[in-house]
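Q: Prediction below, plus the sequence it came from.
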Amino acid sequence: MLKMEKSDLIKSDPSSKGEWKIWWRRVWQKTREGLATAWGFVPLTALGVVYLLLLGVTFYFIALGQRDIVWITASIALGVVGILMVLAVVLGAIQLAWVWRERCQEGWGELHVQCGASAWSDLQLPIWPIPFIEITTQWIYPRAVEVENEQGWTQLRERLQASHRCSVEHVTRRLQVRDILGLASISWVSAQNCSFKAYPRPGKLERSNVTLSLSSGEDLSDPYGSPQGDLIEMRQYVPGDSSRSILWKVYARNRKLMVRMPERALTAKPRTCAYLVAGPHDEASASFAYSILSARLLGENWGLGADGCVGIATSMAQALDFLANSGNEEITSCGLAPFLAEAAAKGYHNCFVFVPSAPGPWLLEAQRAIKETSLTITWFIGYAHDLEDLVEEKPWERYLWMDAPSSQEPSPAQVGKTLYTPRTPVILCEQSSGRLISNLTAYFQSRQKAG
């Protein structure tokens, strides 16, 4: 049951103390995995073992020792119940293994879901109507997928809900058959070749005032473009617009707040791109990037890059794949520097960089990347919760409590202060309400004065 490759054991010569620790940790991990797999096929749980031991002690010392007919009858009845539960679990595991083998032979298709939204998977297993047992499935890989099973008398279905975006080509499930009393259980792990993709879900970021507040129309047109559009444009006022651009005469006539947009008579060259940096608590930033792409705020000829992806995506389908791939667990480094170099070579001038709300190793890499580029950088931070509940820790409080904040905890204020320069502004988006904040320092200062 325990599988250990010879190359794993002699991969490093255990001559030094550090190499011995690595070798021993690898052996211990393999041993634990083998023991866990073997224990899964034992049709008794820890509760079942204790149940049978107590039942045997009671039957031998009390029932037979005192020759009490009541205790003898009760012990035999309870023993029969335990045996029936074990037999039911064994029978259910046999039929589940049979139908699971047939289902795997049919092949698995593609499955696409949105994070935070539940959806039915393509798993529909015909099962036998065996009483007193429960059949469940659990996703081991990818880990950010919660499963809710719906078991009928003749069919088992699976409802999924992903909490983090990902893109994988195989799925690993744990199949388990157990009784309703928790005395017996049989489980095993099975891997399937299945294309599964979880895309970010914008939620309230799809609201028009979030996307329109970013399209202020202040970009200058390219003098070498082609003629297009009207000479004067207007649109309805949204929170965040400057009061100097409001058309007060129009408001006096029809009581509607309208703002003037700059004249746009020429089509600009492709010059705006975006990049998603992967890291802890980056799901809100990925949702923000998806909202901007869906609203087409990057123009006609945009480009998108993401950690873990090579090249620049220029279509919505390819961009969704990039966003999903950036959420995989295997990503360990930031690829912003090569992306900016490639974007500059292709003629892009501006870049929207979406970063996580928690500091991490990506922070220093991102700072180094923008020092070597000529593109105009704008940072975007997505925060999944309510900013009113976020308390900025003061330095003296940190020393008072002797408890430094964890680098994995969301801290948009710290990330914003680290990234902000007069050349690289920072914009924060609150995913729960869709609110945009362009000046984090002034926002937190106003909160401190109010509090």
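A: Received it, and whenever you're ready, just let me know what you need. Residues are numbered from 1 along each chain as shown.
Q: what's the spacing between the residue nearest the centre of the chain and residue 143?
A: The chain has residue 164 as the residue nearest its centroid, 1.2 Å off, counting by CA atoms, centre = their mean. Going from residue 164 to residue 143 by CB to CB, to the nearest Å gives 9 Å. Every C-beta, even on glycine, is put in place using the N, C-alpha and C of the backbone.
Q: now the helices for this structure?
A: 6-9, 17-40, 46-57, 65-66, 69-106, 208-212, 248-254, 283-294, 316-325, 336-345, 362-370, 395-401, 412-419, 440-450 (DSSP state H).
Q: how about these, which one is nearest residue 308?
A: Minimum separation from residue 308 across the helices of the chain (CB to CB) falls at helix 316-325, 5.1 Å.
Q: my guess is residue 428 meets residue 385, correct?
A: No. Counting by CB atoms under 8 Å, residue 428 does not reach residue 385; the two are 12.0 Å apart.
Q: Domain boundaries for the chain, per the record?
A: Per the record, the chain has its domains at 16-199, 229-266, 270-450, by automatic domain parsing.
Q: and those, which one's lowest on average pLDDT?
A: Lowest mean pLDDT within the domains of the chain: domain 229-266, a mean of 72.
Q: Pull the distance from that one to the chain's centre.
A: Chain-centre distance of domain 229-266: 39 Å, with CA atoms, centre = their mean, to the nearest Å.
Q: likewise stretch 294-313?
A: Distance of stretch 294-313 from the chain centroid (CA atoms, centre = their mean) equals 20 Å.
Q: Going forward, count from 53.
A: Happy to do that; since the first residue is 53 now, the last one works out to stretch 346-365.
Q: contacting residues around residue 476?
A: By CB atoms under 8 Å, 6 or more residues apart in numbering, the contact list for residue 476 reads 422, 429, 430, 431.
Q: out of these, which one sits closest to residue 212?
A: Nearest member of the contacts of residue 476 to residue 212, counting by CB to CB, is residue 431, at 33.0 Å.
Q: thinking that closest one is in contact with residue 469, fair?
A: No. The pair residue 431 / residue 469 is not scored as a contact, 11.2 Å apart, by CB under 8 Å.
Q: So the two - more neighbours on which side?
A: More neighbours surround residue 431 than the other of residue 431 and residue 469, with 24 against 14 (other CB atoms under 10 Å).
Q: Quick one: residues contacting the closest residue to the more buried one other than its chain neighbours.
A: Setting aside the residues directly before and after it, residue 431 is nearest to residue 478 in space (CB to CB, 6 or more residues apart in numbering), at 4.4 Å. Each residue near residue 478 by CB under 8 Å, 6+ apart is listed here: 430, 431, 432, 433, 468, 471, 472, 490, 492.
Q: if we go to 6 Å?
A: 431, 468, 471, 472 (CB atoms under 6 Å, 6 or more residues apart in numbering).
Q: Wait, residue 189 touches residue 224, no?
A: No. Counting by CB atoms under 6 Å, residue 189 stays clear of residue 224, with 10.9 Å between them.
Q: Pick out whichever of the two has more residues nearby.
A: For residue 189 versus residue 224, neighbours defined as other CB under 10 Å are more numerous around residue 189 (20 against 16).
Q: Run through the bridge partners of the more buried one.
A: Beta-bridge partners of residue 189, counted by DSSP bridges, are residue 227.
Q: how close does it get to residue 340?
A: Distance of residue 189 to residue 340, computed by CB to CB: 33 Å.
Q: go on, residue 402?
A: According to CB to CB, residue 402 and residue 340 sit 16 Å apart.
Q: ditto for residue 247
A: 26 Å.
Q: okay, the two: which has more neighbours?
A: Comparing residue 247 with residue 340 by other CB under 10 Å, the one with more neighbours is residue 340, at 28 against 14.
Q: That one - nearest residue in space that isn't next to it in sequence?
A: Nearest non-adjacent residue to residue 340, counting by CB to CB, 6+ apart: residue 434, 4.2 Å away.
Q: do the same with residue 330
A: Per CB to CB, 6+ apart, closest to residue 330 is residue 359, 3.9 Å.
Q: so who does the one you found touch?
A: Residues near residue 359 by CB under 6 Å, 6+ apart: 329, 330, 378, 383, 387.
Q: what number of residues lie near the second one?
A: Right, residue 330. By other CB under 10 Å, 27 other residues sit near residue 330.
Q: ditto for the last one
A: Other residues near residue 387 come to 21 when the count uses other CB under 10 Å.
Q: How about the contacts made by it?
A: Contacts for residue 387 (CB under 6 Å, 6+ apart) come out as residue 359.
Q: repeat for the third one
A: Applying CB under 6 Å, 6+ apart, we find residue 378 in contact with 328, 330, 358, 359, 360.
Q: Could you do the first one as well?
A: If you count contacts by CB under 6 Å, 6+ apart, residue 329 has them with 359, 386, 407, 414.
Q: biggest separation within the residues you listed, which pair?
A: 359 and 407 (10.5 Å).
Q: Show me which of the contacts of residue 478 are buried.
A: Among the contacts of residue 478, those buried by neighbour count (16 or more other CB atoms under 10 Å) are 431, 468, 471.
Q: of the residues you listed, closest to residue 111?
A: residue 468 (69.0 Å).
Q: need the contacts of residue 476 in JSON lines with distance to residue 287, can you?
A: Below are the contacts of residue 476 laid out as JSON lines (distance: CB to CB, whole Å):
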{"residue": "422", "distance to residue 287": "32"}
{"residue": "429", "distance to residue 287": "27"}
{"residue": "430", "distance to residue 287": "21"}
{"residue": "431", "distance to residue 287": "26"}
